[in-house]
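In: okay, predicted coordinates and the sequence, questions at the end:
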Amino acid sequence: MTAPVMHLHDVTHRASERFTLHVPALTIGPGVTTVLGSNGSGKTTLLRLLATVLAPTTGLMTVAGQPASDASLPMVRRQLGYLPQDDSVPRRLTVFDHVDLVAVMRELHTDTRRRRAAVHRALREVGMADLCGERCGRLSGGQRRRVALAAALAGDATLLVLDEPDAHLDAEHLQLLTESLRARAPQTTVVVATHDEQWAATVADRTVRLVDGHLADGRG
Amino acid sequence: MNIDRIDQRLVANLDAIMGEISAPARSHFERALLSVRVPEPTARLVAATPVLRWAWFAAVGVVLLFAASAGAEQWQPGDQLAVFLALAPLVPVLGVALAYGPHADRSYEVAVAAPLSGLRLVLLRTISVVVAAAAVSLLTVVAAPTEGWLRLAWLLPSLATTTTALALATRLGVRRAATSVGIGWLVVVVAVSQVRDDATAPFGAAGQLVALAVALVAGAILAGGRRRLDRWSDA
C-alpha cells in the first residue's frame, strides 16, 4: 500500500470560543513532517484533525484523494496509526494486552497469530518486548509512552500521526524512535508534533510551524 | 538467496513465535466467550477492556442496592416491585455512561481514531454491562413477593431508556445523554404514578406499548446518527 497524501483546503476548527485553528492550504505527503509551535499554538488540534478524531468546522480535508467524510472514515483509519498527546494507556492491562486491544480496534489482522506477531514486533521496535507481561500501572511515564507508541506503530500503518512521541523518552529510546521513523519514511506519511526543534531537524523531511492557530511557514 | 530476505523471514518467524509466547493467558471470562463461539476479536474487545470492570461492578452494585432497599420492611409488597421497576431501567443507562467516552476510558481517543465503528464498540460495551446487570435483576425480580407478568415489566422500559440514551449520545455526548435520560425517566414514572394513583401504572400494557414505540424511534435515530459516534463527541 502506498503512503497517502493529505490535503487541507481552507480548513478551520473552532476548538473553543477563544481558539480557532485555520489552515488555508497544506499538503502532507510521504516522509516525516514535523509540526512545531509553542503551547496552545494548535499542534494537537491539527493532529486530531489529521487523525480524523475531530472534524473540520469548515473547509475540506482529503486523504489519498478522498474527502475525509464520515463515509470514508473507516478506509482512512485502516491506514492510520495514531498516538494522542495524553496518556492513553490503561493501568490495569498488561503491556501486551493493551497493544493487542488497540490492534483489534485497528482491525489489523483477522488472524490472531499474525496480529500477535505484529504486536510483538511493535513492542520490540520501541524496546518494550521484555516487559510484555508487566501491568502498565507499574511502568514509568517514559515506558508507558513507548507502549502507546507501539500501539500506533503496530501493523505497518501507511499514515502515522504522532503527538509528541518524544515526550518522556531518554536519549537511547529517542534514537530508536528516530531510526524507526526514518526507516518508515519513504513508504509512510508521518506527521509528528514536537517541542524539540533539535530533534525535529534530525528526523524531519519537512517542517510546519504554527503560531496562534495559523501556519507560519511550510517548506519541503 | 538474498541474505537480507532470509534475515527478514527469520525475524518475522521469531516475532510470530514470541508473539504467541508473550501473549498473557486469556481470562476465564474471555475463554468462556470463545467457548460459546464469540469471534476472537469481539471476545478480546469485551474481556480485555478495563473500563468495563468498573461498569460491571457499578451496574451489579446498583441492582443489589435497589433490591436491598426494595426489600426493606416498611415497604408494601406492591411498592417494592414498583420501586424496583422504576429504578431497574436506569441500570443499562448507567452502563452506557460508564462504558464509553473520554471521561470513562483513557484509550477513548485511540478508539475514536480506529476503524472499528463507534456504534459497534458502544453497543458491545453496553450489552456486556446490561447482560451482567440483567442477570442479577432477574434473580431479584424472581425473588420478589409479587407474581405475574409485572416481574418482567422492566425489560421494555430498559430497552427504551438504553436506546434513547444511545440516540441522544450521538448529539449530546454519552454522559449528558445518560444524565438526561435518567432524569427524564424518573420524572415520567413519578408523574404517571401520581396521575393514575398507582405506582405500577407506568408499567401496564399502555406503558409497555409506549416504551416499545420509544425504543423503535430511538433505534431509528441512532441508526441515522451512528456516524457521530465515530468522532470526538463528548469533549
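Out: Thanks, I have it.

In: helices of chain A, start to end?
Out: Using DSSP state H, the helices of chain A run over A:43-50, A:73-78, A:95-105, A:112-125, A:141-153, A:171-184, A:197-203.

In: which residues of the chain score low on pLDDT?
Out: Going with chain A. A:1, A:217-220 (pLDDT under 70).

In: switch to chain B, please.
Out: For chain B, the stretches with pLDDT under 70 are B:1-5, B:50-56, B:63-64, B:66-78, B:137, B:140-149, B:151, B:232-235.

In: nearest to A:Leu131, of the helices of chain A?
Out: Among the helices of chain A, the nearest to A:Leu131 by CB to CB is helix A:95-105 (5.3 Å). (Glycine included, C-beta is placed from N, CA and C.)

In: get me the contact residues on chain B for chain A.
Out: By CB under 8 Å from any CB of the partner chain, the residues of chain B that approach chain A are B:12, B:15-16, B:18-20, B:22-24, B:40-41, B:44-45, B:48-51, B:53, B:105-107, B:109-117, B:121, B:227, B:230-232.

In: just the ones of these in helices?
Out: Per DSSP H, the residues of chain B next to chain A map to helices at B:12, B:15-16, B:18-20, B:22, B:40-41, B:44-45, B:50-51, B:53, B:109-112, B:121.

In: okay, the helices of chain A in CSV with mean neighbour count next?
Out: Listed next are the helices of chain A as CSV, based on neighbours: other CB atoms under 10 Å in any protein chain shown:
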stretch, mean neighbour count
helix A:43-50, 25
helix A:73-78, 20
helix A:95-105, 26
helix A:112-125, 23
helix A:141-153, 24
helix A:171-184, 16
helix A:197-203, 15
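
In: closest residue of chain B to chain A?
Out: The nearest approach of chain B to chain A comes at B:Gly19, 3.4 Å away (CB to the nearest CB).

In: who are the neighbours in contact with that residue?
Out: With contact set as CB atoms under 8 Å, 6 or more residues apart in numbering or on different chains, B:Gly19 has these partners: A:Arg113, A:Arg115, A:Arg116, A:Ala117, A:Ala118, A:Val119, A:His120, A:Arg121.

In: partners of A:Leu60 in the sheet?
Out: A:His9 (DSSP bridges).

In: got the contact list for the residue nearest the centre of chain B?
Out: With distances taken as CA atoms, centre = their mean, B:Thr126 lies nearest the centre of chain B, 2.4 Å away. B:Thr126 is in contact with B:Pro92, B:Gly95, B:Val96, B:Ala99, B:Tyr100, B:Thr162, B:Leu166, counting by CB under 8 Å, 6+ apart.

In: sec struct for the first one, please.
Out: Put plainly, it is B:Pro92. helix (DSSP: H, G, I helix; E, B strand; the rest coil).

In: equivalent analysis for the one 5 residues further on, please.
Out: The three-state label for B:Ala97, taken from three-state DSSP, comes out as helix.

In: where's the closest residue to chain B within chain A relative to B:Asp15, distance?
Out: Relative to chain B, the nearest point of chain A is A:Arg116 (3.4 Å; CB to the nearest CB). Using CB to CB, to the nearest Å, A:Arg116 is found at 9 Å from B:Asp15.

In: same thing with B:Pro202?
Out: 58 Å.

In: chain neighbours aside, what residue packs nearest to the residue of chain A closest to chain B?
Out: B:Gly19 (3.4 Å; CB to CB, 6 or more residues apart in numbering or on different chains).

In: count residues in the vicinity of residue 107, would you?
Out: You didn't pick a chain, so chain A it is. 16 (other CB atoms under 10 Å in any protein chain shown).

In: oops, wrong one, chain B.
Out: Count around B:Ser107 with other CB under 10 Å applied: 24.

In: would you mind listing the buried residues in the one helix or strand B:Val214 maps to?
Out: Using DSSP states H and E, B:Val214 sits within helix B:205-224. Neighbour-count burial for helix B:205-224 flags B:Gly207, B:Gln208, B:Val210, B:Ala211, B:Val214, B:Ala215, B:Ala218, B:Gly219, B:Ile221, B:Leu222 (criterion: 16 or more other CB atoms under 10 Å in any protein chain shown).

In: coming back round to it: just curious, which of the contacts of B:Gly19 is nearest to B:Val189?
Out: Closest to B:Val189, out of all of the contacts of B:Gly19 and judged by CB to CB, is A:Arg115, at 46.5 Å.

In: which residues touch that closest one?
Out: A:Arg115 touches A:Asp100, A:Ala103, A:Val104, A:Leu108, A:His109, B:Gly19, counting by CB under 8 Å, 6+ apart.

In: residue contacts, the third one?
Out: Yep, that's A:Val104 we're talking about. A:Val104 sits in contact with A:Arg115, B:Pro41, B:Arg44, B:Leu45, B:Leu116, where contact means CB under 8 Å, 6+ apart.

In: please pick the buried ones from these.
Out: Buried among the contacts of A:Val104 by 16+ other CB under 10 Å: A:Arg115, B:Pro41, B:Arg44, B:Leu45, B:Leu116.

In: off-centre distance for stretch A:203-210?
Out: 14 Å (CA atoms, centre = their mean, to the nearest Å).

In: dump that stretch to CSV, restricted to CA.
Out: Output in CSV follows, covering the C-alpha atoms of stretch A:203-210 (Å, rounded to 0.1, in the frame of the first residue of the first chain):
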residue,chain,number,x,y,z
VAL,A,203,14.0,13.4,11.9
ALA,A,204,12.1,15.7,9.6
ASP,A,205,11.9,15.9,5.8
ARG,A,206,9.6,18.9,6.2
THR,A,207,8.5,21.3,8.9
VAL,A,208,5.3,23.1,9.6
ARG,A,209,5.2,25.8,12.2
LEU,A,210,2.1,27.0,13.9
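
In: residues of it that come out buried?
Out: A:Val203, A:Ala204, A:Thr207, A:Val208, A:Arg209, A:Leu210.

In: surely B:Leu222 meets B:Leu168?
Out: No - with contacts counted by CB atoms under 8 Å, B:Leu222 stays clear of B:Leu168, the gap being 9.1 Å.
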